[in-house]
Every structure is written in C-alpha cells, then in structure tokens.
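coords please:
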Amino acid sequence: MTTMFSRQTVVALSAYLRRLELSVDRSLREDAAPLRNYCDKEIQPALPVVAAWLTGVSETDAGTSAQPRARDIGPSMLSGRIQLYLRDRLRLDTAQVGRIAATLRQLSDALREAVVVEPEAFVPIRLRLREAGDLLLRYVPDASTRRRIERVEHRNQNPVRSTEAFESLAGGPGWLTRQLGNLE
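Sure thing, here's the model as predicted:
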C-alpha cells in the first residue's frame, strides 16, 4: 500500500525530521526543558499535529487502496507512473508513513515526561528520525536541495556553520496547513 505526497511536502517533511533529529542530538545529557521549549515554540506545526496528520493519511490510504489487478500491469502502469511524475506526486509506503508518525508521537511523549534528555531513551528515537529523514531524502531528486536539508537550522547549532532556514525548505511557514487547510 502506498500514500501519495507532493515533492514539496516530502522536502518539508524530510527537513522537519532532520531538524528534530539534530536538535535531539545536540541536547543529549542536558535538561529536557530547553529542548521541550524549542519544540513547542520553534518547530511548527507541533509534533502531535504532524503525527496525527501522518496517521490520518496512512490510515485513509490503507483503507481505500485496492490491490492491483493482473490487467493493470504493463503499459498502463508505466503510463500511470509517468503521469504521477509529471504531476509532481510521489508514492511512499503506507507502513513507513505510519512508522514516522509513531516516532513523532514517541518523541512528543518522551519530551513531555523527561527531566533530562537521557541517551538511553532519546538515542533510539533520534536514530529512527534520522532513518525516516534519510528515507525521504531518497525521493528528493535535486542534490542541492538534499544538501540544504542536511544543513537545516536546529537547536544548539554551530554558530560558525551556515544553516538553512526551515521555512525556505518548506516553501514558507504553514507547510502542513497548506496541505490540509487550517489544522489549528
């Protein structure tokens, strides 16, 4: 089963995950309050909102996808893939989208309960965020955009290193609300 996303949404979601992953990495063994505040104030939309959106998308697509019939294989399949490419749409595995949503919920829950950003609790989440971001990067055809995503701004970033503003990667503020209308 697959879920359809626009290229711009994949870029924005990849940058969102990379930003979270780098922020968690730079906060290990510190008090959790600054990371929690950063996620609450700087990372928009909030983790639970993105997780709920991804869960809704994956559940909707899982419930409505039909299995391909034997006669759908061949020239019509190739034609369909070309049309999807030209329409700027990408197919992502629904199970992977669900795993990304679960990881975001897990990070949100861990931040809510944590006093210190303990490596035992947060490193596995950070690694899953990195894995999900890398998965999405495979769908970004432009190498310069992939490099910009790798340099996205984050908490405790090196002041000497140049970073890329998240909004410039996501196409401006409200990247998710453009997908669904007004969420909040």
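
give the buried residues for stretch 142-158.
145, 148-149, 151-155, 157 (16 or more other CB atoms under 10 Å). In short, each C-beta sits where N, CA and C put it, glycine included.

meant to ask about stretch 155-170
For stretch 155-170, by 16+ other CB under 10 Å, it's 155, 157, 163-164, 166, 169-170.

name the nearest residue to the residue nearest the centre of the chain, sequence neighbours excluded.
Computing the C-alpha centroid of the chain and ranking residues by CA atoms, centre = their mean puts Leu13 first, at 3.2 Å. Distance criterion CB to CB, 6 or more residues apart in numbering; nearest residue to Leu13, sequence neighbours excluded, is Leu136 at 5.9 Å.

how close does the one you found sit to Val10?
5 Å (CB to CB, to the nearest Å).

now do the shared contacts for these two.
Here Leu136 and Val10 have Leu92 as joint contacts, going by CB atoms under 8 Å, 6 or more residues apart in numbering.

for the residue nearest to Leu13, give me its contacts.
Leu136 neighbours (CB under 8 Å, 6+ apart): 10, 13-14, 17, 92.

one more time with 7 Å
10, 13-14, 17 (CB atoms under 7 Å, 6 or more residues apart in numbering).

biggest separation within the residues you listed, which pair?
Val10 and Leu17 (10.7 Å; CB to CB).

what about these two, which has more around it?
Using other CB atoms under 10 Å, the more surrounded residue of Val10 and Leu17 is Leu17, with 26 against 19.

the residue nearest to the centre of the chain: which element?
Using DSSP states H and E, Leu13 sits in helix 7-25.

show me which positions of the very next helix or strand once past that helix end up buried.
Moving toward the C-terminus from helix 7-25, the next helix or strand (DSSP H and E) is helix 32-41. By neighbour count on 16+ other CB under 10 Å, the buried set for helix 32-41 is 32, 35-36, 38-39.

any idea how far the helix or strand just after helix 32-41 is from the middle of the chain?
Per DSSP H and E, the first helix or strand lying C-terminal to helix 32-41 is helix 47-64. Averaged C-alpha coordinates place helix 47-64 at 12 Å from its chain's average position (CA atoms, centre = their mean, to the nearest Å).
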